[in-house]
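Visitor: pasting the structure only:
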């Protein structure tokens, strides 16, 4: 029920100019909600939208903004003189959003709205920072807000919005989830109204275009409620607001792919710049009827290989669906096994999959020549030496080659797993605070081996790291973990030292990741040793072209003039 304020919130009508809206995407060039809201606002007469993509990270560590980047942000805000600034906020970026909030306050008189995952699940905290908070999907709410602000009418009764007026807060009810995703515009790329601030530089080049993957979100919502995942919080939140899991039509997805390929062509990137499609759906193709249509349409209309994510469950991946995936052109399938313990996976994480199903499905996929990539979670306090040994045993039964994302378990506030761990005494309330989360996700999201000679759980986890990254032979790993001889114990210590040293060089945050020239040098040496001079020349040419392209258009505001209009 809506809580009334003493004074309805409104702004004076704009006289002689459009309402200026600035959207801010934090640390993510591929921010789909922002890229969809931009063209929605462009459709409204009397509204001038812009988007600032503030920094980008494609790994699991990120750096705070530099003073130069904050100055560039302040200057951009001052130059645009916005009436409304909207931040898209994820939990790890909360403190950064607060700092940028102050910059907006110091350089404009704009109303500030926060939206995204964090404000949706923590609106009470966020309304202390922002004038308005969007809970849930923002497309309809921000269009209504922009129109009301343009017209100078009250906006304190818009569904999905919490509106602060002094000490009073209006908490409006949730609106229906968008059921027809085809009704939304495609995410906009190469838009003249986009600004990019990263690495102490400011430019208008849409760096998402340069990604070799063509990113597509074909659905919203996940049918599962794994306790470590945000869906375990948001799915119950929207249980009375329409179907949670929604899927775009095959035809609509195909048209967006064609649109993105036209953008690539018109910005004069090489034709093969986008050579794979990356579906970021949490579970791709879980409806057999939809998947059957996709299998008949996609190869003819698009024909690019694609990457996807699903759950290794026989209801989702079986003989029928796997053949449809393969026939439609799947190149890589990613799924999360998260642990080698059936008990932890099913009872603690509420993820309905068993080891025997994972092994069978993985082998079925590999036999068809499809690449597999897995997700695995480390540093789980529910793990014991025995469950970690179960993980090792599972890994040794998966088809080669192995490809993994190995993450540390993060304690997001109010997630079911976080609450359970507090109740069971594994973590404290402080461990589950936003401050702790920001610290761990900034530096320690991906698992990097550390030397703990007295903790066998950590020693086994380090061996797991070596296995998933292909840095140890299976017989050595098995001997060190499952044998109880003096030799096996010495071998386990040796593998731990090896894991720590390798982690410092090639692990996330290691020398190779932090210094690009070292990474490129190591890649060149590997290609030369293989005699693959063709690939060496191809990669060298790509790096040179990228540098030339950026240096030539870095400050050219009209570099992509007109291309953002191609959204229909």
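Guide: That came through fine. Since the structure is predicted, the reported quantities are computational estimates derived from the model, not experimental observations. Numbers count the residues shown, from 1 in each chain.
Visitor: contacts, neighbours, all on C-alpha from now
Guide: Fine.
Visitor: so residue 406, which of the three states?
Guide: strand (DSSP: H, G, I helix; E, B strand; the rest coil).
Visitor: likewise the one 5 residues further on?
Guide: Following three-state DSSP, residue 411 is assigned to coil.
Visitor: Was I right to think it contacts residue 430?
Guide: No - between residue 411 and residue 430 there is no contact under Cα atoms under 8 Å: 10.2 Å.
Visitor: So the two - more neighbours on which side?
Guide: Neighbour totals were compared for residue 411 and residue 430, and residue 411 leads with 24 against 12 (other Cα atoms under 10 Å).
Visitor: just the strands in the stretch 101-250 of the chain please.
Guide: 111-115, 132-134, 161-165, 168-171, 194-198, 201-203, 213-216, 219-220, 246-247 (DSSP state E, counting those that start in this stretch).
Visitor: wait, the stretch 351-500 of the chain
Guide: Under DSSP E, counting those that start in this stretch, the stretch 351-500 of the chain gives strands at 371-378, 404-408.
Visitor: what about the stretch 201-350 of the chain, any weak spots by pLDDT?
Guide: Applying pLDDT under 70 to the stretch 201-350 of the chain flags no residue at all.
Visitor: can I assume residue 436 is in contact with residue 430?
Guide: Yes - with contact defined as Cα under 8 Å, residue 436 reaches residue 430; the gap is 7.1 Å.
Visitor: Any chance of the strands of the stretch 101-250 of the chain in TSV with mean neighbour count and distance to residue 125 as columns?
Guide: Below are the strands of the stretch 101-250 of the chain laid out as TSV (neighbours: other Cα atoms under 10 Å; distance: least, Cα to Cα, whole Å):
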stretch	mean neighbour count	distance to residue 125
strand 111-115	24	11
strand 132-134	28	10
strand 161-165	24	12
strand 168-171	20	12
strand 194-198	21	27
strand 201-203	16	31
strand 213-216	20	32
strand 219-220	20	25
strand 246-247	20	29
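Visitor: Residue 284 is nearest to which of those strands?
Guide: strand 219-220 (8.0 Å; Cα to Cα).
Visitor: Run me through the strand neighbours of the closest one, direction for each.
Guide: Here strand 219-220 is paired, per DSSP bridges, with strand 246-247 (antiparallel).
Visitor: So what's the predicted local confidence for residue 549?
Guide: Listed pLDDT for residue 549 reads 51.
Visitor: How about residue 542?
Guide: 60.
Visitor: Ok, residue 471 next?
Guide: pLDDT at residue 471 comes out at 89.
Visitor: what do you get for residue 456?
Guide: Residue 456 carries a pLDDT score of 90 in this model.
Visitor: tally of neighbours for it?
Guide: Around residue 456 there are 15 residues (other Cα under 10 Å).
Visitor: between the strands of the stretch 101-250 of the chain, which gets nearest to residue 370?
Guide: strand 213-216 (17.2 Å).
Visitor: list the helices and strands the closest one packs on?
Guide: Here strand 213-216 touches helix 250-266, strand 276-279, going by 3 or more Cα pairs under 8 Å, 6 or more residues apart in numbering; DSSP states H and E.
Visitor: So which of those is the most surrounded?
Guide: strand 276-279 (a mean of 20; mean count of other Cα atoms under 10 Å).
Visitor: Could I get the full set of helices for the stretch 401-550 of the chain?
Guide: For the stretch 401-550 of the chain, the helices defined by DSSP state H, counting those that start in this stretch cover 416-423, 434-443, 456-468, 474-482, 486-506, 511-514, 516-530, 533-553.
Visitor: Ok, the stretch 201-350 of the chain next?
Guide: Counting by DSSP H, counting those that start in this stretch, the helices of the stretch 201-350 of the chain are 231-237, 250-266, 288-301, 319-328, 342-343.
Visitor: Mind putting those into CSV with distance to residue 423?
Guide: CSV is the format used below for the helices of the stretch 201-350 of the chain (distance: least, Cα to Cα, whole Å):
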stretch, distance to residue 423
helix 231-237, 18
helix 250-266, 44
helix 288-301, 40
helix 319-328, 40
helix 342-343, 18
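Visitor: Between those helices, which one is closest to residue 403.
Guide: For the helices of the stretch 201-350 of the chain, proximity to residue 403 was assessed by Cα to Cα; helix 319-328 is nearest, at 19.2 Å.
Visitor: Just the residues contacting the closest one, thanks.
Guide: Helix 319-328 is contacted by residues 288, 291-292, 294-296, 298-299, 365, 368, 370 when judged by Cα atoms under 8 Å, 6 or more residues apart in numbering.
Visitor: Touching, residue 274 and residue 257? I think so.
Guide: No - the criterion here is Cα under 8 Å, and residue 274 misses it with residue 257 at 10.1 Å.
Visitor: For this protein, give me the ranges with low pLDDT.
Guide: In the chain, residues with pLDDT under 70: 1-16, 58-61, 443-444, 453, 506-527, 529-530, 535-536, 539, 541-568.
Visitor: Got the domain ranges for it?
Guide: 19-189, 211-393, 518-551 (automatic domain parsing).
Visitor: Let me have the ones you listed in JSON lines, extended by distance to residue 505.
Guide: Below are these laid out as JSON lines (distance: least, Cα to Cα, whole Å):
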{"stretch": "domain 19-189", "distance to residue 505": "15"}
{"stretch": "domain 211-393", "distance to residue 505": "20"}
{"stretch": "domain 518-551", "distance to residue 505": "10"}
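Visitor: Determine which stretch of these is the most buried.
Guide: domain 19-189 (a mean of 19).
Visitor: quick check, distance from it to the centre of its chain.
Guide: 18 Å (Cα atoms, centre = their mean, to the nearest Å).
Visitor: From what I see, residue 230 and residue 415 are in contact.
Guide: Yes - with contact defined as Cα under 8 Å, residue 230 counts as touching residue 415 (7.0 Å).
Visitor: Quick check: residue 149 vs residue 41, distance?
Guide: Computed with Cα to Cα, to the nearest Å, the distance linking residue 149 and residue 41 is 13 Å.
Visitor: Please disregard the earlier target; I meant residue 431.
Guide: From residue 431 to residue 41 the distance is 40 Å (Cα to Cα).
Visitor: same thing with residue 17?
Guide: The value you get for residue 17 to residue 41, if Cα to Cα is used, is 15 Å.
Visitor: Residue 299 now?
Guide: Distance from residue 299 to residue 41, by Cα to Cα: 34 Å.
Visitor: Likewise for residue 103?
Guide: Distance from residue 103 to residue 41, by Cα to Cα: 24 Å.
Visitor: Equivalent analysis for residue 285, please.
Guide: Distance from residue 285 to residue 41, by Cα to Cα: 31 Å.
Visitor: what does residue 367 give?
Guide: Counting by Cα to Cα - residue 367 and residue 41 are separated by 48 Å.
Visitor: repeat for residue 269
Guide: From residue 269 over to residue 41 the distance is 28 Å, taken as Cα to Cα.
Visitor: before we move on, which element is residue 39 in?
Guide: helix 32-42 (DSSP states H and E).
Visitor: Return the list of strands paired to the helix or strand following that helix, each annotated with direction.
Guide: For helix 32-42, the following helix or strand on the C-terminal side (DSSP H and E) is strand 47-54. With DSSP bridges as the test, strand 47-54 is paired with strand 19-26 (parallel), strand 194-198 (parallel).
Visitor: For residue 480, find the nearest of those strands.
Guide: Using Cα to Cα, these put strand 19-26 closest to residue 480, at 43.7 Å.
Visitor: Show residues contacting the closest one.
Guide: Residues contacting strand 19-26 (Cα under 8 Å, 6+ apart): 31, 34, 38, 46-56, 80-89, 93, 97, 146, 149-150.
Visitor: how about 6 Å then?
Guide: Outside strand 19-26, the residues that touch it by Cα atoms under 6 Å, 6 or more residues apart in numbering are 47-54, 82-88, 150.
Visitor: No further questions, thank you.
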